[in-house]
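>>> Compute the structure for the input listed below.
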Amino acid sequence: MISQRRRYKDYMLYKFILIFSLFSSTLACSSPTSNTQLPVQSHTETDPLSPELTFGIIYPMAHSFYEVVTENAEEVAKVSGIELIVKAPDEANLEQQIRIMETLIRQNVDGIAIDPIDSVALTPYINKAINAGIPVICFESDSPASHRLSFIGADNLQSGTRMGEAINQLLKGRGMVLVETGMERVESLSERLEGFLNYINNKTDIDVLEVRYNEGNKERALLQLEQMIDDHPHFDAFVALDFISGSGSVLVWKAKGLNRYALTLGMMPELKEAIRNGQITIALSQNEGLWGELIVKYLLQAHNGKEIPEFVDTGISLVDLEALK
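Prediction:
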């Protein structure tokens with residue numbers, strides 16, 4: 001009887017050991033030390049911590065005018081999981097802009113938006129990026145001879161014409177005007193000047209006393225404006241066809257306490273304040289606050305192989321004191 005019980009206990013112990021061994025073997029096969037790969041969590045395209053695309057934005061110079069463009073672009077890029085590389089020479093410098101362009105091409109970014117200082121000189125570098133499979137968009141100033149995919153901005157000839165119409169209305173068809181602009185070879189600036197002069201010369205009896213170029217230099221813009229005022233003290237209005245000349249005129253109007261019409265380009269916070277304070281009469285905006293969003297939107301579409309419009313017209317707005325009320 002005792003031996004029968006012992007045999008039963010031995011049998012149950014053997015069964016327990018067998019089951020335990022099989023269970024342990026199963027655990028060992030599913031252990032993390034095995035060659036089985038655990039699933040890796042992938043980031044979606046909208047995850048801002050893991051950007052899948054990189055776009056470059058190249059300005060002609062570092063200036064507060066472009067801050068609103070960058071802020072707008074960064075907001076859209078963050079939502080879309082896109083990293084932005086924003087670069088600009090300290091002052092308008094063609095060689096530096098070319099080097100920035102070449103660096104982005106070597107980095108094999110997924111798209112480039114550029115406001116070219118010299119549309120002709122930048123053409124081969126824009127084409128080099130396109131040939132490397134990198135979509136390129138121009139904004140504010142175009143490079144029409146290049147293979148760029150799109151231009152985002154306003155019609156600059158029309159912008160010049162609208163400024164001519166505005167000054168004509170203020171002066172009622174007669175008077176003397178001083179004009180300052182940036183770099184002569186920048187396409188957007190040359191078109192604005194052409195549109196302005198064509199209107200003034202053909203539609204009014206207003207005399208343009210002098211036109212000067214600041215070449216993208218803030219100190220030069222100030223000096224030239226002061227010289228023109230000294231040379232033509234009886235002028236009736238000043239027209240700035242670039243934002244550097246416009247910013248300079250605010251300082252000169254404050255320092256000299258001038259009570260003359262001043263028209264400028266761009267809509268920065270400092271210019272809004274200048275309009276309220278009477279240093280600026282009218283500012284022409286090309287709705288540059290839209291550029292950043294449109295840059296990211298159309299570079300993304302181009303990267304995904306979709307067609308994008310050759311010209312994205314952001315329009316023209318004239319802002320005066322009444323518009324700010």
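
>>> What segments of this protein are strands?
53-58, 82-87, 111-114, 136-139, 150-153, 174-181, 205-213, 237-240, 261-265, 282-285, 311-313, 317-319 (DSSP state E).

>>> so where's the stretch 201-325 of the chain shaky on pLDDT?
Low-confidence segments of the stretch 201-325 of the chain (pLDDT under 70): none present.

>>> mind listing the helices for it?
With helices called from DSSP state H, counting those that start in this stretch, the stretch 201-325 of the chain shows them at 218-231, 243-256, 269-277, 291-303, 321-324.

>>> Need the contact partners of the third one.
Contacts of helix 269-277 with the rest of the structure, by C-beta atoms under 8 Å, 6 or more residues apart in numbering, involve 64, 246-247, 250, 253, 264, 280-283, 319-321, 324. From N, CA and C alone the C-beta is placed, and that goes for glycine too.

>>> re the thing from before, using JSON lines, please lay out the strands of the chain together with mean neighbour count and distance to residue 161.
Below are the strands of the chain laid out as JSON lines (neighbours: other C-beta atoms under 10 Å; distance: least, C-beta to C-beta, whole Å):
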{"stretch": "strand 53-58", "mean neighbour count": "23", "distance to residue 161": "28"}
{"stretch": "strand 82-87", "mean neighbour count": "18", "distance to residue 161": "32"}
{"stretch": "strand 111-114", "mean neighbour count": "27", "distance to residue 161": "26"}
{"stretch": "strand 136-139", "mean neighbour count": "26", "distance to residue 161": "21"}
{"stretch": "strand 150-153", "mean neighbour count": "23", "distance to residue 161": "15"}
{"stretch": "strand 174-181", "mean neighbour count": "21", "distance to residue 161": "14"}
{"stretch": "strand 205-213", "mean neighbour count": "17", "distance to residue 161": "14"}
{"stretch": "strand 237-240", "mean neighbour count": "26", "distance to residue 161": "12"}
{"stretch": "strand 261-265", "mean neighbour count": "26", "distance to residue 161": "13"}
{"stretch": "strand 282-285", "mean neighbour count": "22", "distance to residue 161": "11"}
{"stretch": "strand 311-313", "mean neighbour count": "15", "distance to residue 161": "15"}
{"stretch": "strand 317-319", "mean neighbour count": "15", "distance to residue 161": "12"}
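
>>> Now for the closest residue to residue 212 other than its chain neighbours, how many residues are close by?
If the residues on either side of it in the chain are set aside, residue 212 comes closest to residue 224, at 4.6 Å by C-beta to C-beta, 6 or more residues apart in numbering. Neighbours of residue 224 under the rule other C-beta atoms under 10 Å: 20.

>>> which residues does residue 224 contact?
180, 212, 214.

>>> could you redo the last one with a cut-off of 10 Å?
Residue 224 makes contact with 178, 180, 210, 212, 213, 214, 215, 217, 245, 248, according to C-beta atoms under 10 Å, 6 or more residues apart in numbering.

>>> before we move on, the earlier item: can you list the strands of the chain in CSV and add distance to residue 73?
Below are those laid out as CSV (distance: least, C-beta to C-beta, whole Å):
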stretch, distance to residue 73
strand 53-58, 6
strand 82-87, 6
strand 111-114, 8
strand 136-139, 10
strand 150-153, 11
strand 174-181, 26
strand 205-213, 29
strand 237-240, 25
strand 261-265, 20
strand 282-285, 18
strand 311-313, 14
strand 317-319, 20
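
>>> looking at the ones you listed, which is closest to residue 75?
strand 82-87 (10.5 Å; C-beta to C-beta).

>>> which strands and helices sit next to that closest one?
On a contact count with 3 or more C-beta pairs under 10 Å, 6 or more residues apart in numbering; DSSP states H and E, strand 82-87 meets strand 53-58, helix 67-80, helix 94-106, strand 111-114, helix 291-303.

>>> Indicate which one of those is closest to residue 170.
Nearest of those (C-beta to C-beta): helix 67-80, 26.9 Å.

>>> what angle do that closest one and strand 82-87 make?
160 degrees (axes from the mean of the first three to the mean of the last three C-alpha atoms, to 10 degrees).

>>> who does helix 67-80 touch, helix- and strand-wise?
Counting by 3+ C-beta pairs under 10 Å, 6+ apart, helix 67-80 packs on strand 53-58, strand 82-87, helix 291-303.
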